[in-house]
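# Sharing a sequence plus its predicted fold:
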Amino acid sequence: MKTKVIVNSRISKSLVNNIKDNIKSNVSCYNIEYTEYPHHARNIARTAARKGYDIVLAAGGDGTVNDVINGIAGTDTALSIFPAGTANDLASYYYISKYFNSITDPINDYIHHFPDLINVNGFYYSTCGGLGLPAKVVQTANSFRKTNTLNRLLNYAIGHKLYTFSLISSIINKNSCNNKIFICENNRSFEINALSFTINNQPFLGSDILMSPGALNDDGLFDVCLIEGQNSRIKVLDLLQKIKAGKHVSMPEVWSWKAEEICLRTGCESLYFGDGDILCKGNEFNIKLIKNALNVLVPNNFYVNRSKDYVKILEFLNNVKQ
């Protein structure tokens, strides 16, 4: 099959060399391109889909994967993932391991999965997204990746814990201010002061935060998690500990439900993140689920592993709510 390989130019040279060697040895018809500027992967992927490539393989983190998704969503071109980022949320959901040889496994030995995507103001995302404190954490984490050499070394040293570090930094620097959000869904509307408002398509956010236990990315619904505003940093930290363990679902400050479409309005300009990156900003966000909008190459044992984990999560939820 004709394969376009998109490599995030910020990943290490040794990893790039392994990718090149592995592709050369195992893929017969391919072309490799490297990103040169922000969202370049989106343009490369869109062009590849138009030219009839069967597969676009994204070698990078969630941001690179998101760019590729926004380039090929709604087309017949399939997404393949080689995780080489900080959290690798979508790759983790699909049980795609972070090993050099996995770059060709999705092409040669995997099956197709057709997940739903979430669209916000014209931008797609596949994992978790939303407003409030999580968006500020993402903004802080991304600033550590893009600024001076010391910050980039810090990012390399702490790996996926970068989000935990950014979360603490956001709280200490008073960036966790509450957002007044007006919510309109179906025949109901209400206004609330929110610490966090996320709309999710899978359980985990940032690799290890169990934001929406029981969420599935192919059930025709997204999972909403609304956390009411808090005035105390101590209360925020206590809530976050419970969220990380998934024990927040029974708390009175937390509202959870499923939906297909929702509209949000904020009192001031706000950031909306998705797939570990800031997707857009503004005062109004129209969010809609697009069913079966993507074609992804996933491990043969994906459905078996997901079923086992889903049973465990349901048992966990029953215990938490008792």
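Now that the structure is in, tell me what you want to look at.

# For stretch 315-322, list every residue counted as buried.
Of the residues in stretch 315-322, 316-317, 320 count as buried by neighbour count, 16 or more other Cβ atoms under 10 Å. For every residue, glycine as well, the C-beta is placed using N, CA and C.

# between these, which is nearest Pro115?
The nearest member of those to Pro115, counting by Cβ to Cβ, is Leu317 at 21.9 Å.

# what's around Ser25, how many residues?
Taking other Cβ atoms under 10 Å as the criterion, the count of residues near Ser25 is 9.

# nope, Ser256 is what I meant
Other residues near Ser256 number 18, with proximity taken as other Cβ under 10 Å.

# The strand or helix carrying it: which residues count as buried?
Taking DSSP states H and E as the definition, Ser256 sits inside strand 254-259. Counting neighbours by 16+ other Cβ under 10 Å, one finds that the buried residues in strand 254-259 are 254-256.

# Same question for stretch 34-49.
Neighbour counts over stretch 34-49 (16+ other Cβ under 10 Å) mark 34-35, 40-46, 48-49 as buried.

# returning to what we had before: out of the buried residues of strand 254-259, flag the one nearest to Ile183.
Trp255 (9.9 Å).

# just checking, that closest one touches Ser212?
No: between Trp255 and Ser212 there is no contact under Cβ atoms under 8 Å: 11.9 Å.

# what residues are shared contacts of those two?
Between them, Trp255 and Ser212 share the neighbouring residues Cys225, with contact defined by Cβ atoms under 8 Å, 6 or more residues apart in numbering.

# coming back round to it: for Thr3, state which of the buried residues of stretch 315-322 is nearest.
The nearest member of these to Thr3, counting by Cβ to Cβ, is Phe316 at 38.9 Å.

# Report the contact partners of that closest one.
If you count contacts by Cβ under 8 Å, 6+ apart, Phe316 has them with 213, 246.

# tally of neighbours for Thr64?
The number of residues packed near Thr64 is 31, by other Cβ under 10 Å.

# hang on, the earlier thing: partner strands of the strand holding Ser256 and their direction?
With DSSP bridges as the test, strand 254-259 is paired with strand 222-228 (antiparallel).

# Any chance of CSV for the buried residues of strand 254-259, columns distance to Asp67 and pLDDT?
Rendered in CSV, the data for the buried residues of strand 254-259 read as follows (distance: Cβ to Cβ, whole Å; pLDDT from 0 to 100):
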residue, distance to Asp67, pLDDT
Val254, 32, 91
Trp255, 32, 92
Ser256, 30, 93
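
# roughly how far apart are the spatially closest residue to Asn193 that is not a sequence neighbour and Lys180?
Across the structure, with Cβ to Cβ, 6 or more residues apart in numbering as the measure, the residue nearest Asn193 apart from its sequence neighbours is Gly229 (3.7 Å). Counting by Cβ to Cβ, to the nearest Å, the separation of Gly229 from Lys180 is 8 Å.

# what do these two both touch?
Listed as contacting both Gly229 and Lys180 by Cβ under 8 Å, 6+ apart are 192-194.

# What are the boundaries of the helices in the protein?
With DSSP state H, the ranges of helices along the chain come out as 13-26, 40-50, 62-72, 89-93, 105-108, 133-146, 149-158, 162-172, 233-244, 302-321.

# most packed of the ones you listed?
With neighbours defined as mean count of other Cβ atoms under 10 Å, those peak in mean count at helix 62-72, which reaches a mean of 28.

# Next, the angle from it to helix 133-146.
Here helix 62-72 runs at an angle of 100 degrees relative to helix 133-146 (axes from the mean of the first three to the mean of the last three Cα atoms, to 10 degrees).

# Run the chain-centre distance for helix 62-72.
Centroid separation for helix 62-72 versus its chain: 10 Å, with Cα atoms, centre = their mean, to the nearest Å.

# what's the nearest residue to the residue positioned nearest the centre of the chain if we skip its chain neighbours?
In the chain, the C-alpha closest to the average C-alpha coordinate belongs to Asp275, at a distance of 2.6 Å (Cα atoms, centre = their mean). If you skip the residues right next to it in sequence, Asp275 has Asn66 as its closest partner in space, 3.8 Å away by Cβ to Cβ, 6+ apart.

# In ChimeraX, select just the buried ones from the shared contacts of Gly229 and Lys180.
Selection of the buried residues among those in ChimeraX, burial being defined by 16+ other Cβ under 10 Å:
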select :192,194
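
# and the shared contacts of Gly229 and Lys180 as a markdown table, adding pLDDT?
What follows is the shared contacts of Gly229 and Lys180, written out as a markdown table (pLDDT from 0 to 100):
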| residue | pLDDT |
| --- | --- |
| Ile192 | 93 |
| Asn193 | 91 |
| Ala194 | 90 |
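
# Okay, and which of the shared contacts of Gly229 and Lys180 map to strands?
Applying DSSP state E to the shared contacts of Gly229 and Lys180, the entries found in strands are 192-194.
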